[in-house]
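Colleague: Structural data only, the sequence is not supplied:
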C-alpha cells in the first residue's frame, strides 16, 4: 500500500505543484487535523506543505490517525469552488479502537450502537440464539482507553453448560467484510441479503444437514487499510473460518492475495475489477459479481451490429477501469475494430473531452465512477460532444437519476446535463433474474425483492447502498452452501470432515475449490456459473436513455453469444450515427463550358492552319513565296496545328476517359505539344538563325555572305532540333513513364446539416522525377527561346530577298517566347486549380498559334491578292512558252556570276577611260592652236567627216535621258535586266551603246560624240 501511495504521489506531483502555485485565484485554506491525527496531502512534499496556504479546487485531503486509532466521521474532504471543504458539518475524530473480538458472539448476535468500528463510545448489545443462554453482561462500552468496560459474554446451551457433549449441527464459520460506509456502501443491502440466505440454508434439510453456517462480519468501509486490520482479526481470532467473503474490489484484491497463505477460499459478492481475473495471482478467488470486462463482449457485439469500425475511449485513471479498457482493446482488435482515440483523466476531464472533440471521436466508451460521470458530461455539454452525431457507452450501475443529482463540483444545470446525456447506451450486468423461475432457494426474483424490502424496513432502494448487488450476495451464500454440500461425500471417502478444516489443510480447500469451480444453478440473479478465472458468467442488460429515462433495448448472453434485441432503440438522427465523419471522394473535373470554348478556338485555329498550309503549297512557285522558304513555312503550319491538337487531350480528364486509359492521354499531351513546338518554333528559329549567320558577318567575309543559301541546310537544322526533342521524350518515357497521380485537397463540408465531408481529388499526369524532367525540358526550350529573341533583335534591320519574311518570323518568335516564358511557371503554380491551369495553358497555345499564323501567312495572302503577282507570273510563263518547272534559282546564280565579272571589267575600264580623257584633253588643246578658216568657208561648208575620227552618236541605254552639257551619272537601276547579258562574250561596236555600256554605271555622260566613240573604241580593245 505504501508503494501504491508513493506511486500515486509521484504521478500527481507535477500537476498539483502547478495547481498550488496558481491557487491564488481560488481554492480552500488549509484546515487543522483532528486530535491525535494528521492530514495526508497527496502529491505535495514536506517543503510545499509548510509553505502553501491555499489548496486548489477539487484537491482532496485525507485524515490519518496515530497508533491504534481510527478515524470516525469523514475521512476524505474535497475543496469546493466556493472555498469550503466537503462535509464540514460533520466532525472527524481519531478514536482508540477496542478489540474486535467483542464484536462477535458464538451462538449469539451482537448489535453495535452506533454502527461502525468499535471505538470510544461504541456500545455492544448481546443476545443468544434459541437453545442458548447468555452468560455475562448483555452490553459493554468501549472506553477512552480503548478497552471494553466488561468481559465478553458467552452463550451456553440450555441443556448443558459444557458444549463438548452437544450433538446438534456442527458450525462452519464464514468470515465476511461488508462495506457499510465509504466509497461503495454496498453492505447496507448485501448484508441483509446474505443473512436471508443463511437462514434459508440452515433450515434446509437437503443442504448440509449436519452443519450450520454462521457468518462473522465486519465493516471494511471499502478501505484496504481498514480491511487489513479486520483480516488480521478474522484470521487470528477464534473460530476458524472456512471461507472469506469480501466486498469492494480494492478490499477483495487484498483479501484474495493474502488468503492463499492460509489455504482459504475467497468468494466475493461485490468485486468487478478485471485484475481479479488472474489465477496466478489469486488462485482461490471466486466471485458472483461478474468482472467489469463482461461489458466488453456486449459492447463489441453492439459495435458489430451497428457496423462501427472505429471507437474512442475516455477513462478515469483507476486500476479497474484501466484493466477493463485493456481487455476491451484486445477484444475490439480481434473483431477488426480500431480504438482511434484513448483519453484518460485523474480528477478533471476537461482536457480529455476537448481532445475527443478535436480528434473527431463519434462512438465513445466512458469508464468512470458516477461522480466523475457528472463532470465528464458537463464538459461534454460545453464542447457540444453530443447529439445525433455521437453515441456514448456508459456503465449501467449508476443510479437512474445520476445526471439529475446536484453536484457542487460542476457548473451545469440539470437541463444541461439532461440534454447532454440523452441517447447514451448503458451495459449493465443482469443482477436480477428477469425470468419468473424458482431456483435453488425456491424463490423467484420478485419474491426475493419483497423479502429484502421487508428486511430493510421499507427504506428507499435508491438510497440504500448495494441494493442492485444484493441478489449477488444472496446467491454467493447459496453457491458456497451448495459447494460445501458437494464436498461432504468426497471428504468422507477420504476420511475427512468439513469441521476438520484448518489453515494448513490443503485437501479440504482443494475439494471446496473443485466444487465451486463446477457450480451451476439458478439463483435470484440468474444462472450462476464461474469461468476458468473464477468470474461469474452472466447476462448483460442493454439500456438506452430515451426522454430522460432508461429503456431496455436488449440482452446479451455472453455464455452462448446470443443477442436478444427488442428493436426499440431510438436515435436523435435518422438512425445510428457513423463511427466517423463520412468522407466522400469527389474528383474535380475541368469545366466543360471552358473546355468546349477553348476547343472551338483550337478547332478554328487548326482550320486556319490548313488554309495557310494549302495556300502556301498552291503558291509555292510564285517568286515571292519562294523567297520566303515555303517548305519551312509549311513545317511551321504543321507544328502549329499539332500544338492546337494538344489542347484536346490537355482538357481530357476522368470525365471523358477511364482511369486505365488516362496515361495514354498523358502521352498524347506530351508528344503533341513537344513535337508541335519543335516543328513550329524550330522552323522559325532556323530562318532567323540563318539570316543572322549569312547577313551579319564582318566585311572580310563578304564573299561567303554572297554565297547561295542551300535549302537542305535549313531542313537539316529543323531536323536536328526535332531529333533532340524526340530523343529526349523517348528517354523520358522509357526511363520514367508518365502515370496518373491523385492529389488530395483539404476536406470540405457540404451545404446543409450533413454528417459528411467532401474529399476533393484531382488527377495529374506525373512521373517519379517529374521536376527533374521538366527542368531539363524547360531549360533546353528556354535557352532556344532566349536565343531566338536575341537573333530576332539582331536581324530586325536586315533586308534580304533570300528569306523575305524574316521580320515577320522575328515578331512571331517574340510572341511565342514571351507567352511560353510566362505560361510555364504560372501553370506549375496553378497545377492544383484545374480550370485556371487549363485556361492559362490552352489560351497561351491558341494565342501563340493564331499570332504566328497571322503574322507569317496573312501578309503573303494580302500581297498576292492585292497585287495579283501570281497572275503576272502565269502571264509571263504563257508569253515565253517556258515551262513552270524552269529553275529560277539557277538563272539567278548565273546572272550574279556574270554581274561580278562585269563589275571587274568596269573597274579596269574606268582606269582606261580616265587615261583617255586626259589624251582627249591634250588633243583638243592642240586642235585649238591650228589656223582658223574663213568665215564663209566655216559657215557654208561643213568640215569634212572622217569615218575614223568622227564619232557616231553615242546614246545612253534605253530608259535613260539623253546626255547634255551638264555632268550626269549612269543610273543605278536597270528596268529590263533580262537582256543586259549576252551568251557571246564578244561585243561589237554597233551595240556598244545599248548592251555592255549599260553596266558602266559609274561613267559620266559629259563628253561629246567623238569622246564617246573614242571611249567605246577603247573599251572594245
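Modeller: Here it is on my side, so go on. It should be emphasised that the depicted structure is a prediction, and the values quoted were computed from it without experimental measurement.
Colleague: What's the local residue count around the nearest residue to residue 793 once chain neighbours are set aside?
Modeller: Nearest non-adjacent residue to residue 793, counting by Cβ to Cβ, 6 or more residues apart in numbering: residue 810, 7.6 Å away. C-beta coordinates here come from the backbone N, C-alpha and C atoms, glycine included. Residue 810 has 24 neighbouring residues, counting by other Cβ atoms under 10 Å.
Colleague: Quick one: residues contacting residue 810.
Modeller: By Cβ atoms under 8 Å, 6 or more residues apart in numbering, residue 810 lies in contact with 688, 791-793, 795-796.
Colleague: Could you export those residues as JSON lines, including distance to residue 320, secondary structure and pLDDT?
Modeller: JSON lines is the format used below for the contacts of residue 810 (distance: Cβ to Cβ, whole Å; DSSP: H, G, I helix; E, B strand; the rest coil; pLDDT from 0 to 100):
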{"residue": "688", "distance to residue 320": "87", "secondary structure": "helix", "pLDDT": "81"}
{"residue": "791", "distance to residue 320": "86", "secondary structure": "helix", "pLDDT": "82"}
{"residue": "792", "distance to residue 320": "86", "secondary structure": "helix", "pLDDT": "80"}
{"residue": "793", "distance to residue 320": "86", "secondary structure": "helix", "pLDDT": "81"}
{"residue": "795", "distance to residue 320": "92", "secondary structure": "coil", "pLDDT": "77"}
{"residue": "796", "distance to residue 320": "91", "secondary structure": "coil", "pLDDT": "76"}
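Colleague: Can you turn the buried part of those residues into a ChimeraX selection?
Modeller: To isolate the buried members of these in ChimeraX, using 16 or more other Cβ atoms under 10 Å:
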select :688,791,792,795
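Colleague: Let me see the domain layout of this protein.
Modeller: Annotated domains of the chain cover 27-96, 171-291+437-535, 294-433+541-579, 589-694+712-740+766-865 [the TED database].
Colleague: Of those domains, flag the one that's most buried.
Modeller: Sort these by mean neighbour count, taking mean count of other Cβ atoms under 10 Å, and domain 171-291+437-535 sits at the top with a mean of 20.
Colleague: Give me the average confidence score over that domain.
Modeller: For domain 171-291+437-535, mean pLDDT rounds to 90.
Colleague: and that domain, how far from the chain's centre?
Modeller: Its chain's C-alpha centre and that of domain 171-291+437-535 lie 54 Å apart, by Cα atoms, centre = their mean, to the nearest Å.
Colleague: please renumber so the chain begins at 48
Modeller: With the count now opening at 48, the last piece we talked about shows up as domain 218-338+484-582.
Colleague: Ends of that domain, what's the gap?
Modeller: 28 Å (Cα to Cα, to the nearest Å).
Colleague: Next, residue 686: secondary structure please.
Modeller: Assigned by DSSP: H, G, I helix; E, B strand; the rest coil, the conformation of residue 686 is helix.
Colleague: er, residue 790 I mean
Modeller: Secondary structure, three-state DSSP: residue 790 is strand.
Colleague: Please name the nearest non-neighbouring residue to it.
Modeller: Residue 790's closest residue in space is residue 809 (Cβ to Cβ, 6+ apart), at 4.5 Å.
Colleague: I'd say that neighbour and residue 788 touch.
Modeller: No: Residue 809 is beyond contact range of residue 788, at 9.2 Å (criterion: Cβ atoms under 8 Å).
Colleague: who's more crowded, the two?
Modeller: A direct count of neighbours by other Cβ under 10 Å for residue 809 and residue 788 places residue 809 higher, at 20 against 13.
Colleague: Can you say which helix or strand has the more buried one in it?
Modeller: Counting by DSSP states H and E, the element that carries residue 809 is strand 803-813.
Colleague: for that strand, packing partners?
Modeller: Counting contacts by 3 or more Cβ pairs under 8 Å, 6 or more residues apart in numbering; DSSP states H and E, strand 803-813 is packed against strand 629-634, helix 709-742, strand 786-791.
Colleague: next helix or strand past the first one?
Modeller: What it means is strand 629-634. helix 639-665.
Colleague: could you give the angle of that next one to helix 709-742?
Modeller: Counting by axes from the mean of the first three to the mean of the last three Cα atoms, to 10 degrees, helix 639-665 lies at 40 degrees to helix 709-742.
Colleague: how distant is helix 639-665 from the center of its chain?
Modeller: 45 Å.
Colleague: pLDDT averaged over that helix - what is it?
Modeller: Computed over helix 639-665, the average pLDDT equals 88.
Colleague: so what secondary structure elements neighbour the helix or strand following that helix?
Modeller: Counting by DSSP H and E, the element after helix 639-665 in chain order, helix or strand, is helix 670-673. If you count contacts as 3+ Cβ pairs under 8 Å, 6+ apart, helix 670-673 packs onto helix 881-914, helix 916-927.
Colleague: And the ones you listed: which comes nearest residue 814?
Modeller: Using Cβ to Cβ as the measure, helix 881-914 is the one of the helices and strands packed on helix 670-673 that comes nearest residue 814, at 17.6 Å.
Colleague: For the helices and strands packed on helix 670-673, give me TSV that also has mean pLDDT and distance to residue 673.
Modeller: Output for these, formatted as TSV (pLDDT from 0 to 100; distance: least, Cβ to Cβ, whole Å):
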stretch	mean pLDDT	distance to residue 673
helix 881-914	84	11
helix 916-927	45	10
